[in-house]
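>>> whatever this is, show me its structure:
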Amino acid sequence: MTTRTEIRIRRSQIDDAAALARIMSHPEVLPGLLQLPYGNEEIWKQRLSDNLAPARSQDLQLVAEIGGAVVGNAGLGMTGASPRRRHVMHLGMAVAPEAQGRGVGKALMAALVDYADNWGQVLRIELGVYADNERAIGLYQRFGFEIEGRQRAYALRAGRYVDSLMMARLHPNPPRWDPAG
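Predicted coordinates for the structure are as follows:
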């Protein structure tokens, strides 16, 4: 799938491990994520391999490319094994600093929301975002996410505890069956 002429969205593959390690450990990206420092290519190869396992087949991991270079990634993952939560997926995203402000996050979000609404049988998408990440919060709100709560002292980031917001988006027009046709 291509959004804009310069941004290409595709499923991730194991060969993307080096690019994802670079993006996720970048000093301008890492503070906005729940990732730990010192991630490397081998860790990402394992994560990407795990995503391809049959038990994880419902998860969707995408990358964004500009000029053939991976500049962002986003995914939807199952929230757990409970049958009562099969309609829910968790969202995560990261965009390389050199690609921020160029529509990469918007293209990734559009692809994830399209998948959730039209193909994945997803009623609810959940995410957590640091309360001071105004740019990400704005992006999520443009795609229909609402703040549902604040988690105080949620995570340790660079030696300080920071708050996180829980956001969610419900399918705006859930599928129905029309027996007439």
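>>> how about residue 98, secondary structure?
Taken by DSSP: H, G, I helix; E, B strand; the rest coil, the conformation at residue 98 corresponds to helix.
>>> contacting residues for it?
Applying C-beta atoms under 8 Å, 6 or more residues apart in numbering, one finds that residue 98 lies in contact with residue 71. For the C-beta atoms, the positions are set from N, CA and C on the backbone; glycine is no exception.
>>> could you measure from it over to residue 172?
Here residue 98 is placed at a distance of 33 Å from residue 172 (C-beta to C-beta, to the nearest Å).
>>> same thing with residue 30?
Separation of residue 30 from residue 172 (C-beta to C-beta): 33 Å.
>>> quick one, which of those two is more surrounded?
Summary of the neighbour comparison: residue 30 and residue 172, criterion other C-beta atoms under 10 Å, with residue 30 having more neighbours (19 against 8).
>>> I'd guessed the more buried one sits against residue 23; true?
No - taking C-beta atoms under 8 Å as the contact criterion, residue 30 and residue 23 are not neighbours in contact, 9.4 Å apart.
>>> what about the strands in the protein?
Taking DSSP state E as the criterion, the chain carries its strands at 2-3, 7-11, 60-66, 69-78, 88-95, 124-130, 146-157, 160-170.
>>> okay then, goodbye and thanks.
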